[in-house]
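Undergrad: sequence first, predicted model second:
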Amino acid sequence: MKTIFFTLSVLLALSAGTQEPYSGPLPTRQQLAWHETEFYLFMHFGPNTFTDKEWGEGTEPEDLFNPTFLDCRQWCEVAKAAGAKGIIITAKHHDGFCLWPSKFSKHTVRESKWKEGKGDILKELSLACKAAGLKFGVYLSPWDRNHPDYGTAKYNNVFAGMMKEILQNYGPVWELWWDGANGEGPNGKKQVYDWKLFERTVKQYSPRTVVFSDIGPDIRWTGNEQGIAGDPNWNFLDTSGFKRGEGAPPVDTLNQGNYNGKYWIPAECDVSIRPGWFWHAAEDEKVKTPEKLFELYLKSVGRGANLLLNVPPDQRGLVNEKDIAALTGFKKLRDENFRDNRLKESNSFYQFTKEELTSNELLLRRFDSASSGYSINLQNFIVELPRPTTINCIILREAIHLGQTIRSFRIGLYNDKNLVHEIQGSSVGRKRILTFPATTITSLKVNLRDAKGHDNIIGVAAYLINQQLAQQ
């Protein structure tokens, strides 16, 4: 195989000595790992699965919970086949029913018919996730419509005790999901949540767990349940003066983040594969199509967020066949459309080896500790192709371990040095997927602006995806 030489056409390079130090927020090691999970499953499961409700009353008899064919290994097989990296389970929803035999409640699987009260879904799922190489996460609603202590100071210790049980007995827990709902309990009272106690509990017993809520501290809600991140989408958020639940930041702020926010709190897009969050037989014919899921992928992961797709088990305790078919089709669309990176044939690029170019992954600029001083700047560069190539999708990746420094970009598409199409935008983040009408090019020029020279592109790829999918 003949030797190929790669060069970078630099339009503008600023030396490290003339740049202002980057002073914005940086992600933690745990947040960086979370960014790379990209897509994972939510599983709403509990008494509502059997009562056909979305929000339980907390008065449902424990015996109605009896998923006689429950198989967490099947859940994991479905997740793996769909390309998901983990599962987050509703360990306790607002009705207060615990999917583990908590010593802090009398409304649990222990009191149910399932496995004669000897079952433990958190144990089964955590072990199944470990065996399948999936991350294990837990949703835990602080609202409890069943617990007699809810609405009193004592309940805060109850909730903290439940978290301690989960973090100690079923770990490692990768992500902990706090719902901000706060309604009345069985005594007609609302709880004043001791969030500082809850945060201390997680930090003490599982410091590597990333925590989701309206205001983090590690991950934020994107402000809607449609699975759509903002455009732009900044990984920054200001939390001063805001609370979880009522008192959270405005929806548009949650959706887009703060341009100059103080903290690194990236967005997670939660959405259900069905109209509801729990399984309902009447919704078996209303499962989202693979094409709709692909559109949501472009509007979540493709805007630098993560996609949390709810796939609720049915009354058997299995992922339903209708949902599996949609997930299978979704995976097929991603595989087919992102298989052929059309920049692989570039003979004018920056220091890419033959091995890197022959892979189907993004073309990556390899960073090491020495390069983090910004001695090389990729604020502007050109990719030249050996022959006319048709594309309608470009993916950019930013070196977010160095911060989110790209504040605007312009991509020019050229055919024989003639500009034939231009794309403009603002945020990039972990991954930015840009779609446009199919265009034949011989080169593309990436110009990044408004970041004081601290622009760091570590990945670029181009594809010709299904045009109908590109136009969604």
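TA: The structure has been received and is ready for your questions. Residues are numbered from 1 along each chain as shown.

Undergrad: can I assume C269 sits in a strand?
TA: Yes. The assignment for C269 is a strand, going by DSSP: H, G, I helix; E, B strand; the rest coil.

Undergrad: what's near enough to touch it?
TA: Applying Cβ atoms under 8 Å, 6 or more residues apart in numbering to C269 gives the contacts T222, G227, I228, A229, L296, K299, S300, A305, N306, L307, L308. In short, each C-beta sits where N, CA and C put it, glycine included.

Undergrad: could you rerun that using 6 Å?
TA: T222, G227, A229, S300, A305, L307 (Cβ atoms under 6 Å, 6 or more residues apart in numbering).

Undergrad: now it: closest residue in space, sequence neighbours ignored.
TA: S300 (3.8 Å; Cβ to Cβ, 6 or more residues apart in numbering).

Undergrad: what about the nearest residue to I121 once chain neighbours are set aside, distance to E225?
TA: Sequence neighbours aside, L99 is the residue nearest to I121 in space, at 4.1 Å (criterion: Cβ to Cβ, 6+ apart). L99 sits at a distance of 22 Å from E225 (criterion: Cβ to Cβ, to the nearest Å).

Undergrad: so the two - more neighbours on which side?
TA: L99 (25 against 13; other Cβ atoms under 10 Å).

Undergrad: how near is the nearest residue to W221 once chain neighbours are set aside to H44?
TA: Take W221 and drop its neighbours on the chain: the residue closest to it by Cβ to Cβ, 6+ apart is D214, 5.2 Å away. Distance, D214 to H44, by Cβ to Cβ: 19 Å.

Undergrad: likewise F242?
TA: Counting by Cβ to Cβ, the gap from F242 to H44 is 26 Å.

Undergrad: these two: which has the busier surroundings?
TA: A side-by-side neighbour count of F242 and H44, using other Cβ under 10 Å, places H44 first with 22 against 15.

Undergrad: and that one, what does it touch?
TA: Going by Cβ under 6 Å, 6+ apart, H44 touches T90, W277, F278, N310, P312.

Undergrad: just name the closest of the residues you listed to E291, please.
TA: N310 (18.3 Å; Cβ to Cβ).

Undergrad: got phi/psi on the residue nearest to I121?
TA: Note on L99: its backbone torsions stand at phi -80, psi 10 [degrees, to the nearest 10].

Undergrad: and it, what does it touch?
TA: For L99, the contacting residues are A91, V109, I121, L122, by Cβ under 6 Å, 6+ apart.

Undergrad: farthest-apart pair in the residues you listed, please.
TA: The widest separation within the contacts of L99 (Cβ to Cβ) is 10.5 Å, between A91 and V109.

Undergrad: the two: which is more packed in?
TA: Neighbours per residue (other Cβ under 10 Å) separate A91 from V109, with A91 holding more: 28 against 25.

Undergrad: from memory the more buried one sits against S141, does it?
TA: No. Using Cβ atoms under 6 Å, A91 is not in contact with S141; the gap is 8.8 Å.

Undergrad: relative to R110, how far out is T239?
TA: From T239 to R110 the distance is 38 Å (Cβ to Cβ).

Undergrad: neighbours of E116, how many?
TA: 8.

Undergrad: pretty sure it sits in a helix.
TA: Yes. With three-state DSSP as the criterion, E116 is part of a helix.

Undergrad: domain-wise, how is the protein divided?
TA: 9-24+340-470, 38-337 (automatic domain parsing).

Undergrad: of all those domains, which one is nearest L32?
TA: Judging these by Cβ to Cβ, what sits closest to L32 is domain 9-24+340-470, at 5.7 Å.

Undergrad: tell me the mean pLDDT over that closest one?
TA: For domain 9-24+340-470, the mean pLDDT works out to 74.

Undergrad: make residue 1 into 29 and carry on from there
TA: From this message on, residue numbering opens at 29, which makes the last subject domain 37-52+368-498.

Undergrad: in three-state terms, how would A156 be classified?
TA: Quick answer, by three-state DSSP: A156 is helix.

Undergrad: show me the contacts for it.
TA: C100, R101, C104.

Undergrad: any idea which element the second one lies in?
TA: Same thing as R101. helix 100-110 (DSSP states H and E).

Undergrad: who are the packing partners of that helix?
TA: helix 149-160, helix 349-365 (3 or more Cβ pairs under 6 Å, 6 or more residues apart in numbering; DSSP states H and E).

Undergrad: chain center to whichever helix or strand comes after it, what's the gap?
TA: In the C-terminal direction, the helix or strand that comes right after helix 100-110 (DSSP H and E) is strand 114-120. Put simply, strand 114-120 sits 14 Å off its chain's centre (Cα atoms, centre = their mean, to the nearest Å).

Undergrad: name the surrounding residues that touch strand 114-120.
TA: Here strand 114-120 makes contact (Cβ under 6 Å, 6+ apart) with 65, 68-73, 107, 126-127, 150, 153, 162-163, 165-169, 205.

Undergrad: by how many degrees do that strand and helix 149-160 diverge?
TA: 170 degrees (axes from the mean of the first three to the mean of the last three Cα atoms, to 10 degrees).

Undergrad: how about strand 114-120: buried residues?
TA: Buried residues in strand 114-120, counted by 16 or more other Cβ atoms under 10 Å: G114, I115, I116, I117, T118, A119, K120.

Undergrad: state the helix or strand in which the nearest residue to the third one once chain neighbours are set aside lies.
TA: It refers to I116. Once flanking residues are discounted, I116 sits nearest to G165: 3.6 Å by Cβ to Cβ, 6+ apart. G165 belongs to strand 163-168 when assigned by DSSP H and E.

Undergrad: so which elements touch that strand?
TA: Against strand 163-168 (3+ Cβ pairs under 6 Å, 6+ apart) you get strand 114-120, strand 203-206.

Undergrad: what angle separates the longest one from strand 163-168?
TA: Yep, that's strand 114-120 we're talking about. Counting by the same axes, to 10 degrees, strand 114-120 points 20 degrees away from the direction of strand 163-168.
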